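>>> quick one: sequence plus predicted model below, questions after.
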Amino acid sequence: MPNRTDRSAEPEFRIDVDQNRFLPIGGREVHAVVSVTSRSPVLVGSSVRASEVIIVDTSGSMYGEKLHEAKRAARAAVETLREGVRFALISGGSKARMAFPEGERRFVEVDAVTRAEALDAIGGLRADGGTRMGAWLSLAAELFATVDDGIKHAILLTDGQNNEVAEEFERVLRQVTGRFVCDCRGVGTDWRVDDLRRIDSALLGGGPGLVADPADLAADFRAMAQASMGKAVADVVLRLWTPQNSVVRYVKQVSPTVQELTHRAVARAPQAGDYPTGSWGTENRDYHVCVEVPAGDPGRQLRAGWVRVVLPGTGGAEDQVLASGNILAEWTADEATATRINPRVAHYTGQVELAQAIQDGLAARRDGDENTATTRLGRAVALAEETGDAETARLLGKVVEVLDPATGAVRLKPGVDKVDEMTLDTNSTRTVRTRPGAGTGTHGAPGPG
């Protein structure tokens, strides 16, 4: 990452806020969709400090075609890295082993020589042992702790279920949370979506992905590495200030994926919490914010929230506020005005419920609870229809027979292909984005006076 006094290599940020600011008399909950847009400069060479760890499952189950294609994928990722980027390769089995640089817990910078050496080391990977993802993540965290505050990104590939004791895995996830960003992929159908979803949630990935055909791994790894190389700034937070006697009910990323951030707030300023968002390049993300405020009289206006994109200062440096916007509240006796739901708020409320309905329905189906599975997947069908999510509707149609999409009347299909079920599960947290409307908050809006 560049020196934080050098703003030329950092993205430009903008905030737009979509909401219906009017509340009924006695109303207390204020909802808003906060849209954050960043435009990144073109990155060349080492203009942005970045570190990349490639974690390849080399447990015994990876033997044969899967390991062959995993090697090809790891090579594709290494070939995509910019010169000057720091990188390392971890071989993951019952233990985590440094595959490159071999036996040394450190990063090396990409150049013609180290790239060739890494490609040779990938050829030496062998399949053996069990699957202990926590150990792999712990080693990655050790590596990232040795470098400064640049982009820290990992790619993790597995084909199996985590063998660690659940308590140990959860302990590791707590330890590594926020220390780097990790994108996860599962190859084949013998891994558990929940394992990778836990990692993705802790490390702010882009959603766990299923690669059903090992031959598709190389293209997927290349795309993930390219996306990582497009990041220009790390450790960005969404700072939400709220007035006295108010309560933040939730802060959720709702696009491009659903990420629950509510309980990850860190208090760094009075009446404000910092919510982690990870690394940014050129991209758009949307957040649903809900704040409960004291009820007001008709005509009263209130700033219910002041939201800023902030790059926290380190080593005594001042925080950098990159964009800001306001969440407003105004009480009215006009029932029609007060009960009008903002279309974007309604859309993302439905998308979050849709994700949960799919996960609940598939879990019930796996547990043999057909009644709950039918009810929850039926609700998912109705929500997909309501929110215009055609891709999710298509995936649902592979798991249930849709009798009436509007009402969610469905019948479970027998003998569902496991690839179809897992594809629906992994895609459940990916949302359909709506375009921001005329936001009530704007880039560079003033703070509370």
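Structure's in. What do you need? Numbering: from 1, shown residues only.
>>> what's stretch 404-417 in contact with?
Outside of stretch 404-417, the residues within contact range by C-beta atoms under 8 Å, 6 or more residues apart in numbering are 365, 370, 373-374, 377-385, 393, 398-403. C-beta: built from backbone N, CA, C; applies to glycine.
>>> span of that stretch from start to end?
23 Å (C-alpha to C-alpha, to the nearest Å).
>>> and that stretch, how far out from the chain's middle?
The chain centre lies 29 Å from the centre of stretch 404-417; the measure is C-alpha atoms, centre = their mean, to the nearest Å.
>>> also stretch 261-281?
For stretch 261-281, the gap between its own C-alpha mean and the chain's C-alpha mean amounts to 14 Å (C-alpha atoms, centre = their mean).
>>> would you indicate which residues of that stretch are buried?
For stretch 261-281, burial by neighbour count (16 or more other C-beta atoms under 10 Å) applies to 261, 264-265, 272-281.
>>> returning to what we had before: whichever of the contacts of stretch 404-417 end up buried, select them in PyMOL.
The buried residues among those can be selected in PyMOL (16+ other C-beta under 10 Å) with this line:
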select buried, resi 365+373+374+377+378+379+380+381+382+383+384+385+393+399+400+402
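>>> among the contacts of stretch 404-417, which are in strands?
Here DSSP state E is the test, and those give 400-403 as lying in strands.
>>> tabulate those (CSV), appending distance to residue 166.
Converted to CSV, those look like this (distance: C-beta to C-beta, whole Å):
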residue, distance to residue 166
400, 30
401, 35
402, 36
403, 39
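>>> all the helices of the stretch 1-150 of the chain, residue numbers only.
Secondary structure of the stretch 1-150 of the chain, counting by DSSP state H, counting those that start in this stretch: helices at 65-80, 112-123, 133-144.
>>> switch the ones you listed over to CSV; also include mean neighbour count, distance to residue 359 and mean pLDDT.
CSV is the format used below for the helices of the stretch 1-150 of the chain (neighbours: other C-beta atoms under 10 Å; distance: least, C-beta to C-beta, whole Å; pLDDT from 0 to 100):
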stretch, mean neighbour count, distance to residue 359, mean pLDDT
helix 65-80, 21, 26, 98
helix 112-123, 15, 35, 98
helix 133-144, 22, 20, 98
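>>> compare those helices and give me the one nearest residue 419.
Smallest distance to residue 419 across the helices of the stretch 1-150 of the chain (C-beta to C-beta): 14.8 Å, for helix 65-80.
>>> and the closest one with helix 112-123, angle?
Interaxial angle of helix 65-80 relative to helix 112-123 (axes from the mean of the first three to the mean of the last three C-alpha atoms, to 10 degrees): 170 degrees.
>>> of the buried residues of stretch 261-281, which pair is most distant in space?
The most widely separated members of the buried residues of stretch 261-281, counting by C-beta to C-beta, are 272 and 281 (25.9 Å).
>>> low-confidence stretches in this protein?
Counting by pLDDT under 70, the chain has low-confidence residues at 1-9, 42-47, 437-449.
>>> each with direction, which strands does the lengthiest strand in it pair with?
Taking DSSP E as the criterion, the chain has its longest strand at strand 320-332. Counting by DSSP bridges, the strands paired with strand 320-332 are strand 22-24 (parallel), strand 301-311 (antiparallel).
>>> can I get whichever helix or strand comes after it as CSV, trimmed to CA atoms?
Moving toward the C-terminus from strand 320-332, the next helix or strand (DSSP states H and E) is helix 335-338. What follows is the C-alpha trace of helix 335-338 in CSV, where atoms were taken according to Å, rounded to 0.1, in the frame of the first residue of the first chain:
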residue,chain,number,x,y,z
GLU,A,335,-49.7,8.2,6.9
ALA,A,336,-49.2,7.7,3.1
THR,A,337,-45.9,9.6,3.2
ALA,A,338,-44.7,7.8,6.4
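>>> what helices and strands are in contact with helix 335-338?
Based on contacts counted as 3 or more C-beta pairs under 8 Å, 6 or more residues apart in numbering; DSSP states H and E, the elements that helix 335-338 packs against are strand 22-24.
>>> distance from the strand it packs on to the middle of the chain?
Mean-position distance between strand 22-24 and its chain equals 32 Å (C-alpha atoms, centre = their mean).
>>> which residues does the lengthiest helix in the chain contact?
The longest helix of the chain (DSSP state H) is helix 343-366. Counting by C-beta under 8 Å, 6+ apart, helix 343-366 makes contact with 18-20, 31-33, 252, 254-255, 258, 286, 288, 370, 372-377, 379-380, 383-384, 386-387, 389, 392, 396, 399, 412, 421, 424-425, 428-429, 431-432, 434, 436-437, all of which sit outside it.
>>> quick check: ChimeraX command selecting the buried ones in those residues.
Burial among those is assessed by 16+ other C-beta under 10 Å; the matching ChimeraX selection reads:
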select :18,19,20,31,32,33,252,254,255,258,286,288,373,374,375,376,377,379,380,383,384,386,387,389,392,396,399,412,421,424,425,428,429,431,432,434,436
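>>> circling back to that earlier point, and of the strands paired with strand 320-332, who's closest to residue 90?
Nearest to residue 90, of all the strands paired with strand 320-332, is strand 301-311, at 28.9 Å by C-beta to C-beta.
>>> identify each buried residue in the closest one, please.
Burial within strand 301-311, assessed by neighbour count using 16+ other C-beta under 10 Å, is assigned to 302-311.
>>> for residue 131, state which of these is nearest.
Distances from residue 131 to these, taken by C-beta to C-beta, are shortest for residue 311, at 36.8 Å.
>>> which residues touch that closest one?
The neighbours of residue 311, taking C-beta under 8 Å, 6+ apart as the test, are 4, 10, 233, 235-237, 319-320, 322.
>>> from those, pick the one nearest residue 160.
Each of the contacts of residue 311 was scored against residue 160 by C-beta to C-beta, and residue 235 proved nearest at 32.0 Å.
>>> in a helix, that's where residue 277 is, yeah?
No - secondary structure assignment (DSSP: H, G, I helix; E, B strand; the rest coil) places residue 277 in strand, not in a helix.
>>> secondary structure element for the closest residue to it other than its chain neighbours?
Computed as C-beta to C-beta, 6 or more residues apart in numbering, the closest residue to residue 277 that is not its neighbour in sequence is residue 236, at 5.0 Å. Residue 236 is located in strand 233-241, with elements delineated by DSSP H and E.
>>> quick one, whichever helix or strand comes after that strand and helix 343-366 angle?
In the C-terminal direction, the helix or strand that comes right after strand 233-241 (DSSP H and E) is strand 247-255. Between the axis of strand 247-255 and that of helix 343-366 there is an angle of 80 degrees, by the same axes, to 10 degrees.
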